[in-house]
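# requesting a structural model of the entry that follows:
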Amino acid sequence: MPSGGAAHQSASAGAGVGANSIHALVIHSWSAHTTEIAIVFLVVLVESVLVTALIMAMRSRRRLIQQLQQEHEDMERTVQKRTAELKALNTRLTEISIREPLTGVYNRRYLDDMAVREFGRCRRASVPLAIAVLDVDYFKQYNDTYGHQMGDECLKQIAEALTQCVHRPSDVVARYGGDEFMVILPSTDLIAAKILASRMVEAVSQLHISHEASPVAGVVTVSLGLAVVVRWTHELESVNQLFELADKQLYAAKEAGRNQFAALGIP
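Numbering: from 1, shown residues only. Got it, this is the predicted structure:
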């Protein structure tokens, strides 16, 4: 039988082994728990990084979309502005191409185009068409007396006075050449055309532009010939015929003493 000392040593040794086992188990358990915590922390950290990266990516994408939208809006405004500028420039160029540079009224080319167009339109619609031809009385003598620069200024004032006499967009006042002007009055009957003709003759004389070389008056005056198609017949085939009839009335006004108008209504 073992002695008491041996038994005590054996018991002590067993206790030591048990304590060591418990200690080792505790350490192992703590290490496993720590590893789990570390893994969880790492997972949370990775998730946080991913979420942060996703949020930043979404914000960046939103900013990029906003930037692209802003650039698109800026581009649209720029295109609209350039389009408006080009349209205005094109309108201006068109105006320049149909305007007479000295007086600013329509030029002969535009007059010819509109005369043909309105002749055809009024004929198809069976509505009246009036054409007036006028020139400045003794304009050569005016230039000889006052000079061509003053003559140009005189034509400018006359053109402005004639323009003020008509008010409809369809009415056309044009410089035909030299001191000769023409006026197209669509849908204007004989009575209304005579009123306008009288108004134009009066408007020029009321400018009170001195003309000492004129035997008619001491101021610049005009003579006007008027031809009005009242009813359309087969005898009038072109607008040139209407021009010729108005021109004949112009000479009739001159022969009658100038500073007046003569009119013809074509039945």
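# separation between the residue lying closest to residue 185 once chain neighbours are set aside and residue 194?
Leaving out its chain neighbours, the residue that sits closest to residue 185 by Cβ to Cβ, 6 or more residues apart in numbering is residue 130, at 4.0 Å. Heads up, the C-betas are built off the backbone N, CA and C, glycines and all. Distance, residue 130 to residue 194, using Cβ to Cβ, to the nearest Å: 9 Å.
# what's the neighbour count on residue 241?
Neighbours of residue 241 under the rule other Cβ atoms under 10 Å: 15.
# helix or strand for residue 231, which one?
Secondary structure from DSSP states H and E places residue 231 outside every helix and strand.
# surely it touches residue 267?
Yes. With contacts counted by Cβ atoms under 8 Å, residue 231 reaches residue 267, the gap being 5.6 Å.
# so which of those two has more stuff around it?
Shown here are residue 231 and residue 267; by other Cβ under 10 Å, residue 231 has more neighbours (10 against 7).
# quick one: contacts for the more buried one?
Residue 231 is in contact with 126, 266, 267, counting by Cβ atoms under 8 Å, 6 or more residues apart in numbering.
# tell me, what's the model's pLDDT at it?
Residue 231 is assigned 85 on the pLDDT scale.
# next one: phi and psi at it?
The phi/psi pair for residue 231 (degrees, to the nearest 10) reads phi -130, psi 140.
# if I look at it, how far off is residue 217?
Counting by Cβ to Cβ - residue 231 and residue 217 are separated by 37 Å.
# one more: residue 98?
34 Å.
# higher neighbour count, the two?
Taking neighbours as other Cβ under 10 Å, residue 98 and residue 217 compare with residue 98 leading, 16 against 13.
# now name the helix or strand holding residue 244.
helix 239-255.
# assign the spatially closest residue to residue 213 that is not a sequence neighbour to helix, strand or coil.
Spatially, and ignoring its direct neighbours in sequence, residue 213 is nearest to residue 141 (3.9 Å; Cβ to Cβ, 6+ apart). What DSSP: H, G, I helix; E, B strand; the rest coil gives for residue 141 is helix.
# ok, now which ones touch residue 141?
Contacts of residue 141 by Cβ under 8 Å, 6+ apart are 211, 213, 214.
# tell me, how many residues neighbour the closest residue in space to residue 260 that isn't next to it in sequence?
Leaving aside its sequence neighbours, residue 260 sits nearest to residue 253 (Cβ to Cβ, 6+ apart; 5.3 Å). Neighbourhood size, residue 253 [other Cβ under 10 Å]: 25.
# repeat that for residue 163.
Neighbour tally, residue 163, other Cβ under 10 Å: 18.
# ok, the one 10 residues further on next?
Using other Cβ under 10 Å as the criterion, residue 173 is surrounded by 24 other residues.
# I'd guessed it sits against residue 106; true?
Yes. At 6.6 Å, residue 173 counts as touching residue 106 under the criterion of Cβ under 8 Å.
# I'm done for today, thanks for sticking with me.
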